[in-house]
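Novice: Predicted model, plus sequence, below.
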Amino acid sequence: MGIESVNSSVKVLGLHWHPKKDTLSYNVNLAKNPSCTKRQVLSDVSRIFDPLGLLAPTVVQFKILFQKLWLLNLNWDDELPKKLTDKWLKWRADLENLPQLQIPRLVESDTDKIELHGFSDASTKAYSAVVYSRMVKDDGTISVAILAAKTRVAPLKQQSLPRLELCGSFLLSQLLQSIKAGLKHKDLTIYAWSDCTIVLSWLAYSPAQLKMFVGNRTAEILETIPKHAWRHVDSKSNPADCASRGLGVSELIDFQLWWKGPSWLRDQDQFLVKLNNSHNCSSLSDKRIQSEIKANCLAAQVIVTTDNPLDKLLNRNSSWLKLIHTLGYVLRFIHRMKHPSSKRTSTALTFDEIKSARIRWLQHAQAGFQQDFQLLLANKPLGNQSKLVNFSPFIDKDNLLRNMRTESTCILESHLSSSLSGNDIGFSAHGT
């Protein structure tokens with residue numbers, strides 16, 4: 001009796017736990033000789049209990065199928081069309097392989113520091129998100145484990161693929177938020193990966209600059225995942241890809257990319273190379289990016305380099321006033337180091353110190369228009385392709401670009417304050 005109890009499984013929270021191997025498995029009891037109706041499809045799919053979404057690549061196939069059945073306006077007991085019947089019976093038979101899948105129950109967490117790596121992807125039929133834990137032990141060994149996944153079918157109202165990719169990133173932010181809530185006692189570092197450079201470009205903007213659909217979702221995403229945590233991953237290394245397209249059980253069992261994530265997560269040297277060479281390099285001239293930017297906003301992207309202290313400060317602050325005051329105190333400190341005998345002022349910043357810090361930030365933000373700046377400096381006309389040509393810009397005494405239409409200011413400071421936090425600069429179309 002003792003041997004039987006060790007080899008047998010125990011049902012825990014709807015899953016089957018095998019104490020001897022310490023693994024989890026699934027068991028789906030399907031009826032023999034089923035009728036191929038919408039009612040039967042829903043009945044069979046509901047038997048797959050997968051609270052963590054570990055079977056997402058398989059389950060998403062049935063979600064897509066059920067959406068198709070709904071569009072056909074079939075009654076619950078109507079026979080399915082021949083093509084869908086064949087597909088359903090094939091997938092149903094494949095579910096018999098589910099008990100062969102053995103998932104390790106234990107997710108190692110020996111140290112307080114844990115990395116969460118989230119991946120998102122989308123196809124025309126569905127979008128997905130999956131999260132892995134990564135832990136580097138004291139002896140240098142690395143443990144990677146899948147934590148959870150989610151999928152959603154694409155909405156009936158047709159959307160562009162970049163928008164669906166953005167929905168996948170939004171789904172990832174929700175999934176990471178729920179995982180973070182359960183790991184409050186751990187020191188978490190979050191990395192988010194997407195193979196869509198257009199989405200990464202949208203996330204570099206301030207949400208206020210983007211049209212409603214994209215702007216609302218980027219705002220929600222950035223509340224959970226800061227923009228500096230986003231990285232680009234190639235499609236072949238993106239485990240969320242299979243969850244957006246679908247994968248049968250027999251294929252999923254041995255699909256290591258899904259269960260263990262990309263191989264470079266388990267190699268420290270490869271991981272560091274990937275981390276340093278995975279920033280978004282998408283061109284702002286891409287029409288798919290520009291199509292989601294509000295018409296009254298003109299923006300230039302500034303490439304962020306970790307060597308620039310101003311860029312580091314931008315990644316840590318999103319308040320325009322806080323950025324000005326922080327830089328103001330830094331400039332005061334530098335001045336005092338260079339001139340120790342200078343007269344000490346009060347602890348509060350002076351008007352001139354605030355003005356100097358503001359000018360320094362504006363100069364940094366306008367670095368995205370460096371080519372135009374050099375042409376104006378040499379008294380040469382701007383090219384027809386320049387985004388500033390219609391604003392008749394000139395360079396003022398502080399080496400700032402100004403709008404000839406209203407010389408008092410060329411940059412809307414309130415707009416720039418939000419743009420700075422997005423590592424891009426805004427240029428008012430009205431010059432006010």
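Specialist: Nice, thanks for sending it over.
Novice: in the longest helix anywhere in the chain, what counts as buried?
Specialist: Secondary structure of the chain per DSSP state H: the longest helix is helix 161-182. Within helix 161-182, the residues scored as buried using 16 or more other C-beta atoms under 10 Å are 162-173, 175-176, 179. Quick note: C-beta positions are derived from backbone N, CA and C, even for glycine.
Novice: Next: stretch 325-345.
Specialist: Of all the residues in stretch 325-345, those buried under the rule 16+ other C-beta under 10 Å are 325, 327-328, 332.
Novice: List of residues touching stretch 89-105?
Specialist: 17-18, 21-28, 30, 34, 36, 44, 48, 54-55, 58, 61-62, 65, 145, 248-250, 252-253, 259 (C-beta atoms under 8 Å, 6 or more residues apart in numbering).
Novice: Just the ones of these in helices?
Specialist: Judged by DSSP H, helices contain the following of the contacts of stretch 89-105: 44, 58, 61-62, 65, 249-250, 252, 259.
Novice: What residues does F255 make contact with?
Specialist: 57, 242, 247.
Novice: Now render those residues as CSV, adding distance to L275.
Specialist: Below are the contacts of F255 laid out as CSV (distance: C-beta to C-beta, whole Å):
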residue, distance to L275
P57, 26
C242, 23
L247, 28
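Novice: Could I get these in CSV, plus columns for pLDDT?
Specialist: Below are those laid out as CSV (pLDDT from 0 to 100):
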residue, pLDDT
P57, 96
C242, 95
L247, 94
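Novice: Show me where this protein dips below the pLDDT cut-off.
Specialist: Where the chain drops to pLDDT under 70, the residues are 1-7, 278-286, 295-307, 318, 344-345, 404-432.
Novice: any idea how far D187 is from K180?
Specialist: 12 Å (C-beta to C-beta, to the nearest Å).
Novice: How far away from the center of its chain is stretch 74-87?
Specialist: Put simply, stretch 74-87 sits 38 Å off its chain's centre (C-alpha atoms, centre = their mean, to the nearest Å).
Novice: Same question for stretch 15-32.
Specialist: Per C-alpha atoms, centre = their mean, the centroid offset for stretch 15-32 relative to its chain is 33 Å.
Novice: Then stretch 175-184?
Specialist: 15 Å.
Novice: List the contacts of it.
Specialist: Residues from elsewhere that reach stretch 175-184 (C-beta under 8 Å, 6+ apart): 114, 116, 118, 129, 131, 147-150, 188, 190, 192, 224-225.
Novice: Describe which strands the one helix or strand L188 maps to pairs with in its sheet and in which direction.
Specialist: Element membership for L188, per DSSP states H and E: strand 187-194. Strand pairing for strand 187-194, determined by DSSP bridges: strand 113-122 (parallel), strand 230-232 (parallel).
Novice: Packed most tightly, which of those would that be?
Specialist: strand 113-122 (a mean of 24; mean count of other C-beta atoms under 10 Å).
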